[in-house]
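Peer 1: test case, fold it:
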Amino acid sequence: MKHTEIVEVLRLTNYGQTVTVCGWVRSRRGNKNVSFIALNDGSTINNIQIVADAERFTDDDLRLVTTGACLSATGRLVESMGKGQSVEIQAEKITVFGAADPQTYPLQKKGHSLEYLREIAHLRPRTNTFGAILRIRHNMAIAIHTYFHEHGYFYFHTPLITASDCEGAGQMFQVTTKNLYNLKKDKDGQIDYSDDFFGKMTALTVSGQLEGELGAMALGKIYTFGPTFRAENSNTPRHLAEFWMIEPEVAFIQKDELMDLEEDFLKFCVSWALEHCKDDLRFLNDMFDKTLIERLKSVVDTEFVRLPYTEGINILHEAIRNGHKFEFPCNWGDDLASEHERYLVEEHFGKPVIMTDYPKEIKAFYMKLNDDQKTVQGTDVLFPAIGEIIGGSVREEDYDKLMAEIDRRQIPMKDMWWYLDTRRFGSAPHAGFGLGFERLMLFVTGMQNIRDVIPFPRTPKNAEF
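Peer 2: Numbers count the residues shown, from 1 in each chain. As a prediction, this is how the structure comes out:
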C-alpha cells in the first residue's frame, strides 16, 4: 500500500495535500461531533492525530477503531491547533486492517510496569518506551559499523559454533545432534562424540575474540559484531544468556593506543545517539531518567581518567578509612565489584575511568604480562551508572610466555592449535577489546535492567517468544 511514514508526515508544511498513513491506534477520544485518533507506525516516538468528523464517520464506522487496532487513514493535511503537534490529518477514509479486542488487548492507554511488559515481550515494541529503545538500538548498530568502516576496519564474521572456550570458564551451551536418551560412551564412561555432527564436543561461542585475533593477523584491523552466549546462571539486571558483542582486534598497537581507541569509539557512539535519536532520548529522559541526556553529554565532553588498578585499590581503601561502606571486599587481587567501579567513576572522579594493569590472577590467560610479572595490560572502561562497559587488553604475542600461562592454568588447548599458530608463524603485537552491546544500550537509554534493551531476552528459565 502506498503511504507516507508518520515521521515524514510530521515534517510536512504544505497544508492541503492529501496523505495516507498506516499504523496502530494508541488512543481514541472525542465527543458526539468528532473523534481524535492518535496513530503511530513505529517510525517515530511521535503520533499523528487523525481527526474523524461525525458528519463523515458514524459510530458504527469507527466501532473497530480501538487501542491496538491497525488501520490506514487518508485525508487532508492541515495545521494543528492542538498542543504537541504541528500537523494533523482531516480524515476522508479510514480502513481497519486488524481489530484489537479492547477487553483482551494487553496494552491499554494506562501505564504498564516494565516487569509486566517483559511478560508480553511480543507486544511491548508497540509501546512508546520500547519503540524508543529499539530505534536507539538500531542507531547504535549503525554507529558501530560506521565508526569501524570509516577507520579502516574490516567486519569479520566469527563462528557461533565452536570447540574452544575463549574465557576458560566452561559456561557454554553445548551443541549436539546426539540422542540424549541413548548417549554412546567410551570405556572410561565418557561421552563419545565421534558420531556427533562435528565429531567432537561443540558449543555456542562465548566470544569471537580468538578467531578475531586470526583476522587481525592477516587484515590488520578487524571487528566482530554478533550474538554470543553464556550459560551462566546469573539472574541479575546485568546478565543475559544471549547477547551481542562488539570485538575489535588490531595489529601493531600498544596499551596507550588501545585506550585511545576505546575512548574515541565510545564517544563516537554516544555522540551518534545524541545527534540521531533526539526525540527518543528526550522521551526516555523525561519519563525514566531526568539526568540521561546530561550524562550522555558529559561522557562526550570529558577526557577519560586512566587509572592503574593498584591506585584504584588505594583510593577505595582511603574511602573506607573515611567512612564509606562497601558490601564486598576490595583488597589487592580482588576482582572489583560494580559498587567499587561506580564509586571511582561517579563519586571520586566524576567521569569515565579506564582501569589498567590488573593482577594476572583475575584476568584471562591471553593478556600480556607486565615486567613486574604480577599484573597484565588490561584496559577496562568504567562508566557512570553501569560500571564496566568495555573489557580490553594487549594480547600476549610471545609463544613461550603464552604457553607458560596456559600450562600454569592447566587450560586444555588440544582444539586450539590454530590459535597458537598465530604465535608460531609471524607473531605480531596486537590488542583488542570486547563491548557488550546491551551494556552500551543500558547507558545510552538510561534503563536499569538489561532485559529491557533487547527485544527478546534470554535468561535462566526463560526462553519465551
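
Peer 1: which residues in the stretch 201-350 of the chain form strands?
Peer 2: With DSSP state E, counting those that start in this stretch, the ranges of strands along the stretch 201-350 of the chain come out as 202-204, 221-229, 242-251, 305-308.

Peer 1: Lys83: which element?
Peer 2: Assessed by DSSP states H and E, Lys83 sits outside every helix and strand.

Peer 1: from Gln49, how far off is it?
Peer 2: 11 Å (CB to CB, to the nearest Å). Placement of C-beta: from N, CA and C, glycine included.

Peer 1: between these two, which is the more surrounded one?
Peer 2: It is Gln49, of Lys83 and Gln49, that has more neighbours when counted by other CB atoms under 10 Å, with 15 against 5.

Peer 1: state the helix or strand in which that one lies.
Peer 2: Gln49 is part of strand 48-53 when elements are defined by DSSP H and E.

Peer 1: in whichever helix or strand comes after that strand, what counts as buried?
Peer 2: Where DSSP H and E defines the elements, the next helix or strand beyond strand 48-53 is strand 70-79. Using 16 or more other CB atoms under 10 Å as the test for burial, strand 70-79 gives Cys70, Leu71, Ser72, Ala73, Thr74, Gly75, Leu77.

Peer 1: and the helix or strand just after strand 70-79, what does it pack onto?
Peer 2: Reading on from strand 70-79 to the C-terminus, the next helix or strand found by DSSP H and E is strand 87-98. Where contact means 3 or more CB pairs under 8 Å, 6 or more residues apart in numbering; DSSP states H and E, strand 87-98 is packed against strand 18-30, strand 48-53, strand 70-79.

Peer 1: give me that answer again for 10 Å
Peer 2: Taking 3 or more CB pairs under 10 Å, 6 or more residues apart in numbering; DSSP states H and E as contact, the helices and strands that strand 87-98 lies on are helix 6-9, strand 18-30, strand 34-40, strand 48-53, strand 70-79.

Peer 1: just want the angle from the last one to strand 87-98.
Peer 2: Here strand 70-79 points in a direction 170 degrees away from that of strand 87-98 (axes from the mean of the first three to the mean of the last three CA atoms, to 10 degrees).

Peer 1: restricting to C-alpha, output strand 70-79 in CSV.
Peer 2: Taking C-alpha atoms only, strand 70-79 is exported to CSV below (Å, rounded to 0.1, in the frame of the first residue of the first chain):
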residue,chain,number,x,y,z
CYS,A,70,-4.2,-1.4,12.9
LEU,A,71,-5.6,0.9,10.2
SER,A,72,-4.9,3.3,7.3
ALA,A,73,-6.2,6.8,7.1
THR,A,74,-6.3,9.0,4.1
GLY,A,75,-7.1,12.7,4.4
ARG,A,76,-6.1,16.3,4.1
LEU,A,77,-3.0,17.6,5.9
VAL,A,78,-3.9,20.6,8.0
GLU,A,79,-2.2,22.8,10.5
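
Peer 1: so that strand versus strand 34-40, what angle?
Peer 2: Orientation check (the same axes, to 10 degrees): strand 70-79 against strand 34-40 gives 110 degrees.

Peer 1: and strand 70-79 with strand 48-53, angle?
Peer 2: Counting by the same axes, to 10 degrees, strand 70-79 lies at 90 degrees to strand 48-53.

Peer 1: strands paired with strand 70-79, and their directions?
Peer 2: Next to strand 70-79 in the sheet, as set by DSSP bridges, lie strand 18-30 (antiparallel), strand 87-98 (antiparallel).
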